[in-house]
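Undergrad: Mind looking at a prediction? Sequence and model below.
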Amino acid sequence: MNKIIALIGMPGCGKSEAVKFFEKRGYKKVYFGEVVMDEIKRLGLVVNEENEKNTRENLRKEFGMAAMAIKSIDKIDKFYETSNVVIESLYSWEEYKVLKQKYMDNIKLLCIYTTKEIRYKRLIDRPFRPLSRLQAESRDIAEIENLNKGGPIAFTDYTEINDGSLDDLMKQLKKYL
């Protein structure tokens with residue numbers, strides 16, 4: 001039976017790097033953030049922190065807090081038929097509940113965790129969509145207060161601490177598998 005790993009954590013924790021790890025091992029990726037990016041493009045908006053935040057929140061107003069799972073379920077099903085799946089950026093408790101109801105024990109939550117200071121430095125320094133410290137803090141607050149992100153993190157099946165190097169994270173993920 002194939003399995004689904006949903007990677008969770010706050011911005012800058014290392015979810016994208018963990019996804020690459022799983023993809024190299026044959027997992028098919030479903031990126032919940034792609035739903036937001038596709039909608040931004042459809043609307044003809046510039047990709048930036050404000051538009052991402054507003055689009056995420058508007059999708060959830062329209063489809064409920066399970067919006068990203070609902071809009072990604074066909075893709076998950078397609079991949080799940082023949083492969084293990086890794087989900088990047090599951091946010092809300094409601095998204096988790098939709099997936100848990102459908103996939104039961106075949107889905108696991110894997111939280112990548114690091115302190116906000118390390119995350120903010122990573123977000124400032126990253127080459128793709130860098131954020132200022134103020135933007136990073138604003139995004140954290142929006143995800144906690146508006147997107148019900150705390151539930152899946154609190155309910156995680158596994159936690160990997162990512163306070164070290166990328167190599168350290170890869171070693172921890174190998175142990176996880």
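TA: The structure has been received and is ready for your questions.

Undergrad: what about Thr114, neighbour count?
TA: For Thr114, the neighbour count with other Cβ atoms under 10 Å is 20. Glycine gets a C-beta too; all of them are placed from N, C-alpha and C.

Undergrad: can you pull the contacts of Leu7?
TA: With Cβ atoms under 8 Å, 6 or more residues apart in numbering as the criterion, the residues that contact Leu7 are Lys15, Ala18, Val19, Val86, Ile87, Glu88, Ser89, Leu90, Leu110, Cys111, Ile112.

Undergrad: do Glu160 as well
TA: Here Glu160 is in contact with Ala18, Leu110, Cys111, Ile112, Tyr113, Leu169, Gln172, Leu173, Tyr176 (Cβ under 8 Å, 6+ apart).

Undergrad: repeat that for 6 Å
TA: By Cβ atoms under 6 Å, 6 or more residues apart in numbering, Glu160 lies in contact with Ile112, Gln172.

Undergrad: that's a helix at it, yeah?
TA: No - counting by DSSP: H, G, I helix; E, B strand; the rest coil, Glu160 is not part of a helix but strand.

Undergrad: Of the contacts of Leu7, just say which sits nearest to Lys53.
TA: Using Cβ to Cβ, Ser89 comes nearest to Lys53 of those, at 13.8 Å.

Undergrad: is it true that that closest one touches Val35?
TA: No - here Ser89 lies out of contact with Val35, judged by Cβ atoms under 6 Å, at a distance of 9.4 Å.

Undergrad: quick one on the thing from earlier: flag the least confident of the contacts of Leu7.
TA: By pLDDT, Ser89 ranks lowest within the contacts of Leu7, coming in at 86.

Undergrad: Any idea how many residues pack against that one?
TA: Other residues close to Ser89 by other Cβ under 10 Å number 22.

Undergrad: And it, its phi and psi?
TA: Per-residue torsions, Ser89: phi 80, psi 40 (degrees, to the nearest 10).

Undergrad: how far away is it from Val30?
TA: As judged by Cβ to Cβ, to the nearest Å, Ser89 and Val30 stand 9 Å apart.
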